[in-house]
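[1] based on what follows, work out the 3D shape:
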Amino acid sequence: MAVQAGLENLPGLLSIVLLVMLIANPIYSWLVSRINRNKVVLYFYLFFILNLLGFFFSWVLLDESWKPLVAKSFYIWCNVFSFFVVSIFWVSMINYFSGSQAKLYFGIISAGGSIGAFSGSSIARIFSTQVCGSVSLSEWGPFSLILISVFSLSIACLLSLSFKSETNSEDEKMLNENLTDSAVEPIKDIARSPVLKNLSLYMILWTGLMTFGWMIALEIVQEWSTDPCERTAFFARIEQIVTPLTLICQFLVTSFVLRSIGIRKVLIIYGFILFAAIYFYEIYPEIMTVMIIVSILRTFEYGLSKPARETLFTKLKKEQRYKSTVFMDTFFARGGEVAGSWFAAKGALLIGLSSMGATLFMIPFAALLSWSGYKSSKLLDE
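    Sure, this is the predicted structure:
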């Protein structure tokens, strides 16, 4: 959808996504303070399922003139959904496990996500290579894969019913305390807390650098192929490469690294890795470069960086865990994406930078990312 919508339109679409995030977060904060928090995943995933069905029937039943609007609306919604669906799950996890338990288990829990990613990408690749363009089902195009998402989320809803706290009685008492009703409390909390300020800066810089690199990668993909089925198959193949690598990391490496090397070093190294990725895109703009770099970045993100951040989140206060972490995972992360996409599409040209100049311009931001990761972990006394 991103490539088909036109890369020149992505910054504008992502800006709309950011606005939707700004609206959605206060609504989420207000709702989570009023519902049974043991059923947070269930309630919100059911809402997402209804959304997906709405998009599917709009695509199938409306005439051809509506499809561009449905496609752009779905792209915006999917960017919001993809962050909320993961963040809401981890809200449950960071409230059920202590920091020491997180170092042991979060790698294994993340492996479940990797297995799901492999299953989903395998289905997408089979569809793209064997179904798309060959049978009547393909009249709906890749959009028909929404039905797989609905089925998977339905199973997730059933499994979420068994989520029970593993905390001790004192932690359970804290968990059962009421959250404040304020819908803007996460914003106020971030403004007051040095830890949350640093974590927010980390989220903005991480996603900004990642998106800047991703925009370069999408240009390479766009030049490589104009066939949407072939592009979908390529992205699915990347996921199939990432998943085994990530699973090996999550099962055998994550727990060891978090307990022995430490969260701080994992967060610090991310800035160096992201800059190196952007640099290699620039000097080797080939389709294989995209495959290799994206595979490395996603393996590091899912295998080490994400478990490290979530472990750090377990040290926050209850209100911060339920509300502020979601705000950071969604609004600030999308804010970084908007900044990265606008700079890649317009900003570098406006200030007269060549493509290599724009890449070198990322050095101080990569260094600041590493610094904010170091500062966040230090403030929480890892």
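
[2] every contact and neighbour count from this point should use C-alpha atoms.
    Will do.

[3] got a list of contacts for stretch 105-115?
    Residues outside stretch 105-115 that contact it (CA atoms under 8 Å, 6 or more residues apart in numbering) are 243, 246-247, 250-251, 254-255, 302-304, 307, 310-311.

[4] give me the buried positions along that stretch.
    Tyr105, Phe106, Gly107, Ile108, Ile109, Ser110, Ala111, Gly113, Ser114, Ile115 (16 or more other CA atoms under 10 Å).

[5] filter those down to the ones in strands?
    Among the buried residues of stretch 105-115, no member is found in strands (DSSP state E).

[6] pull the most distant pair out of those residues.
    Tyr105 and Ile115 (15.8 Å; CA to CA).

[7] distance of Tyr202 relative to Tyr270?
    Here the criterion is CA to CA, to the nearest Å. By it, Tyr202 lies 10 Å from Tyr270.

[8] brain fart, Ser149
    Counting by CA to CA, the gap from Ser149 to Tyr270 is 31 Å.

[9] could you look up the SS state of Lys315?
    In three-state terms, and counting by DSSP: H, G, I helix; E, B strand; the rest coil, Lys315 is coil.

[10] before we move on, the earlier item: how about JSON lines for the contacts of stretch 105-115, with secondary structure and distance to Ile363 added?
    Shown next, in JSON lines, are the contacts of stretch 105-115 (DSSP: H, G, I helix; E, B strand; the rest coil; distance: CA to CA, whole Å):
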{"residue": "Thr243", "secondary structure": "helix", "distance to Ile363": "29"}
{"residue": "Thr246", "secondary structure": "helix", "distance to Ile363": "27"}
{"residue": "Leu247", "secondary structure": "helix", "distance to Ile363": "31"}
{"residue": "Gln250", "secondary structure": "helix", "distance to Ile363": "29"}
{"residue": "Phe251", "secondary structure": "helix", "distance to Ile363": "33"}
{"residue": "Thr254", "secondary structure": "helix", "distance to Ile363": "27"}
{"residue": "Ser255", "secondary structure": "helix", "distance to Ile363": "30"}
{"residue": "Tyr302", "secondary structure": "helix", "distance to Ile363": "23"}
{"residue": "Gly303", "secondary structure": "helix", "distance to Ile363": "24"}
{"residue": "Leu304", "secondary structure": "helix", "distance to Ile363": "22"}
{"residue": "Pro307", "secondary structure": "helix", "distance to Ile363": "25"}
{"residue": "Glu310", "secondary structure": "helix", "distance to Ile363": "26"}
{"residue": "Thr311", "secondary structure": "helix", "distance to Ile363": "27"}
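
[11] out of those residues, who has the most neighbours?
    Gly303 (30 neighbours; other CA atoms under 10 Å).

[12] pLDDT score for that one?
    At Gly303, the model reports a pLDDT of 85.

[13] quick one: contacts for it?
    Gly107, Ser110, Thr246, Leu247, Cys249, Gln250, Thr254.

[14] sketch out the low-pLDDT regions of the chain for me.
    Residue ranges of the chain with pLDDT under 70: 1-8, 99, 128-143, 164-186, 319, 322, 381-382.

[15] ok, now how distant is the most centrally placed residue in the chain from Leu18?
    Among the residues of the chain, the one closest to the centroid is Phe83, at 4.8 Å (CA atoms, centre = their mean). According to CA to CA, Phe83 and Leu18 sit 12 Å apart.

[16] what about Glu223, how many residues nearby?
    Glu223 has 10 neighbours, counted by other CA under 10 Å.

[17] where's it, which helix or strand?
    Applying DSSP states H and E as the criterion places Glu223 in helix 194-224.

[18] how far does that helix sit from its chain's centre?
    Between the centre of helix 194-224 and the centre of its chain there are 11 Å (CA atoms, centre = their mean, to the nearest Å).

[19] flag every buried residue along it.
    Buried-residue list, helix 194-224, by 16+ other CA under 10 Å: 195-218, 220-222.

[20] check stretch 37-49 too.
    For stretch 37-49, by 16+ other CA under 10 Å, it's Arg37, Asn38, Lys39, Val40, Val41, Leu42, Tyr43, Phe44, Tyr45, Leu46, Phe48, Ile49.

[21] look up how far Leu50 lies from the closest residue to the last one other than its chain neighbours.
    If the residues on either side of it in the chain are set aside, Ile49 comes closest to Val150, at 5.6 Å by CA to CA, 6 or more residues apart in numbering. With distances defined as CA to CA, the gap from Val150 to Leu50 amounts to 9 Å.

[22] do the same with Ser82
    Ser82 is 15 Å from Leu50, by CA to CA.

[23] so the residue nearest to the centre of the chain, which of the three states?
    On the basis of three-state DSSP, Phe83 is classed as helix.

[24] so what's the residue count around the residue nearest to it when sequence neighbours are not counted?
    Excluding its sequence neighbours, the residue lying closest to Phe83 (CA to CA, 6+ apart) is Thr330, at 5.7 Å. For Thr330, the neighbour count with other CA under 10 Å is 26.

[25] roughly how far does Thr330 sit from Ile148?
    In terms of CA to CA, Thr330 sits 24 Å off from Ile148.

[26] how about Asp189?
    38 Å.
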